[in-house]
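Peer 1: show me the folded form of this:
(chains A and B, ligands or ions: 2)
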Amino acid sequence: MFYLKLILKNVFRAKLRTGLTLAGLVIAVMAFGLLQTVVDAWFAGANASSNARMITRNAISLVFPMPAYYRERIKAIPAVKSVSHSQWFGGIYKEPKNFFPQFAVDHENYFEMFPEFLFKPEELLAFKRDRQGAVVGRKLADQFGWKVGDTVPIRGTIFPGEWQFTIRAIYDGRDEVALTRQFYFHWDYINEWLKKRFPRRADQIGVFNIEVSDPTRTAEVARAIDAEFKNSLAETLTETEKAFQLGFVAQMETIVLAIRVVSFVVIFIIMAVVANTMAMTARERIVEYATLKALGFSPRFVAGLVFGEAMMLSLIGAGLGILLTFPVAAGFADSPAGAIFAAFKVNGMTVWMQWACAIVVGLVAALVPGWRSARIRIVEGLRHVG
Amino acid sequence: MTALVEIKHLAKSYKRGEQVVPVLHDITLDIARGDFISLMGPSGSGKSTLLNLIAGIDKPDRGVLRVDGVDITELGEGELADWRASHIGFIFQFYNLMPVLSAFENVELPLQLTNLSRAERRARVALTLGMVGLADRMDHYPNELSGGQQQRVAIARAIVTDPTILVCDEPTGDLDRHSAADVLDMLKRLNADLGKTIIMVTHDAHAAEAARRMVHLEKGELSGGEG
Ligand SMILES: Nc1ncnc2c1ncn2[C@@H]1O[C@H](COP(=O)(O)OP(=O)(O)O)[C@@H](O)[C@H]1O
Ligand SMILES: [Mg+2]
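Peer 2: Ligands and ions are numbered 1, 2, ... in the order given. Predicted coordinates:
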């Protein structure tokens, strides 16, 4: 097709300028996609939670604990099927950059609440029997090349000291969003140590994990639990695991919002870059456009050339940017920084948004130059000295 | 027989800021079908302006401008574009070829506006490039051709639609003597053999001699040499 051929030839005419603009587009579209994926990954974590699981924490803040004896009182509340607990450990494996979440949990029943974690029964049993045993997720094990039986040293920060854990079980995720970058061990092990070293910090719980017998009764259960501890030393805040996760995300809301804003700023900047390229291009081609009009081509044809060129440029850039987004996202997901996300995956919506941004960039960039080129007065265009 | 181009009391001025610069005053001129007329005059005398008016790429302020019975001052922008596509062949001083298109594609360009089939277009382009002696340069791009060759491609582009009038603005202005002679020869042949009506602007007396008739323009008015 003649139109398409002319547009394609025009796009690659000023090779350096086109190359630089394309490079900018590729990076912008890719950055946009990655930032959107970060936002998605935050929310994916919350959506992966079960509807029947709830979390009780200290009402003041997550960093304040609750007494261990709360457990029995929670257990007694109607519709509570089981209670377990976990404690953020926050240790360092060799170097801070190796960050992964570690939790001290009730080894007896914690994993019964998480059917999305798939264990070999004999491994789970071995974990329960070893006081220094640890459970690690598949992705984490793969990242550091750990096998069952390996000893992992962790330097405690909240619980100072050099800790040694022996991996007794490695679990797989039932699906992609299941977290398999976690590290779990016996809360009892930590608690024994606290009893000896810091007795006042012993028998304290970070969060209680609760499973209800009927997911429709979570609101009622939450009210009942929080009422139970009203006016006690540590008042509680109970919410569904999903709400808890979203609350966690909400704390990060400013960051998430900033990420969103930045991703659109990136697109806005590339829009200015492409608009500038198109303006320069159109200015250089005034004589050609005037000649085309003299030969009888319509203003619409000329505008179409400018729009087509901007669109072609944007779409080629977006196509390459989108192609690059996948390996870069995969690389990030496998990096320690990606460890905080259960699933760091570029989803279909993000790709559509990348294409949509490219189309908007192309259209906006061509608007003024396209209009001007179409409106050129032929005699003035022909007199123009390029 | 009525003239192909009838110009009566034609006037044109340009606005430069607040100032109105009169360029053509009261031009009256007839050009017969099959004529080859050269429009002479010093630089800035309004030659290009008059040519552009006849070619329908500019509008006069006043006066009558009829081509082949059609008063082109009455046509709207779209109609005028269509009219140009079928009636006018343009030859410019600097050729004005599309640099990204080959000689063949440049000549084919005006045919994109017709409803000729691809095969018909190809046949016409090949024939026309043959007429200007560039059958062996079809796939060359403008920057691979000499000035004279580029102007021959431009001539081919101008005649490929078989227009009523060829308008040439300083067609030899950018060429060496030899290439200029070639181009003028070609124009003469187009006029003599094919009966093309040609209007050529030039300030080169030697080039003007190629024409059958000379018209002088001085400060926006026709003077002498007519008839
Ligand atoms: N688009 C325009 N705007 C303002 N002035 C113009 C324009 N076109 C031509 N002129 C002026 O009109 C006069 C005649 O120009 P032109 O027809 O190009 O002369 P020539 O072709 O004889 O050299 C010149 O003084 C020129 O500056
Ligand atoms: Mg001139």
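
Peer 1: biggest helix in chain A, by residue count?
Peer 2: helix A:299-334 (DSSP state H).

Peer 1: so what does it touch, helix or strand wise?
Peer 2: If contacts are counted by 3 or more C-beta pairs under 8 Å, 6 or more residues apart in numbering or on different chains; DSSP states H and E, helix A:299-334 sits against helix A:2-11, helix A:15-47, helix A:253-284, helix A:286-294, helix A:348-375. For glycine as for every other residue, the C-beta is placed from the backbone atoms N, C-alpha and C.

Peer 1: is the shortest one in proximity to ligand 1?
Peer 2: No. Remark: helix A:286-294 sits outside contact range of ligand 1, by C-beta under 6 Å from any ligand atom, the gap being at least 11.5 Å.

Peer 1: what is the orientation angle of that helix with helix A:253-284?
Peer 2: With axes from the mean of the first three to the mean of the last three C-alpha atoms, to 10 degrees as the basis, helix A:286-294 and helix A:253-284 are set at 70 degrees to each other.

Peer 1: what's in contact with helix A:286-294?
Peer 2: A:282, A:299, A:301-302, A:305, A:373, A:376, A:378-382, A:384, A:386, B:55, B:57, B:81, B:84, B:90, B:92, B:96, B:98-99, B:109 (C-beta atoms under 8 Å, 6 or more residues apart in numbering or on different chains).

Peer 1: residue contacts, the closest residue to residue B:132 other than its chain neighbours?
Peer 2: Sequence neighbours aside, residue B:152 is the residue nearest to residue B:132 in space, at 4.1 Å (criterion: C-beta to C-beta, 6 or more residues apart in numbering or on different chains). Residues in contact with residue B:152 (C-beta under 8 Å, 6+ apart) are B:132-134, B:182-183, B:186.

Peer 1: between those, which is nearest ligand 1?
Peer 2: Within the contacts of residue B:152, the smallest distance to ligand 1 is 18.4 Å, found for residue B:183 (C-beta to the nearest ligand atom).

Peer 1: A strand includes that closest one, no?
Peer 2: No. Going by DSSP: H, G, I helix; E, B strand; the rest coil, the assignment for residue B:183 is helix, not a strand.

Peer 1: so what's it up against?
Peer 2: B:148, B:151-152, B:155, B:171-172, B:175 are the contacts of residue B:183 under C-beta under 8 Å, 6+ apart.

Peer 1: got any ranges where chain B has weak pLDDT?
Peer 2: Filtered on pLDDT under 70, chain B yields the residue ranges B:1, B:224-227.

Peer 1: next one: phi and psi at residue A:237?
Peer 2: phi -130, psi 120 (degrees, to the nearest 10).

Peer 1: what helix or strand is the residue nearest to residue B:132 on?
Peer 2: helix B:147-159 (DSSP states H and E).

Peer 1: give me the helices and strands touching the helix or strand just after that helix, please.
Peer 2: Per DSSP H and E, the first helix or strand lying C-terminal to helix B:147-159 is strand B:165-169. Judged by 3+ C-beta pairs under 8 Å, 6+ apart, strand B:165-169 is in contact with helix B:47-54, strand B:88-91, helix B:177-194, strand B:197-201.

Peer 1: from the helices and strands packed on helix A:299-334, which stretch is densest packed?
Peer 2: Among the helices and strands packed on helix A:299-334, ranked by average contacts under mean count of other C-beta atoms under 10 Å in any protein chain shown, first place goes to helix A:286-294 (a mean of 23).

Peer 1: got the angle between that one and helix B:47-54?
Peer 2: Going by the same axes, to 10 degrees, helix A:286-294 makes 40 degrees with helix B:47-54.

Peer 1: can you count the residues close to residue A:51?
Peer 2: 12 (other C-beta atoms under 10 Å in any protein chain shown).

Peer 1: residue B:79 too?
Peer 2: Residue B:79: 13 neighbours (other C-beta under 10 Å).

Peer 1: could you do residue A:115 as well?
Peer 2: 10.

Peer 1: SS state for it?
Peer 2: coil.
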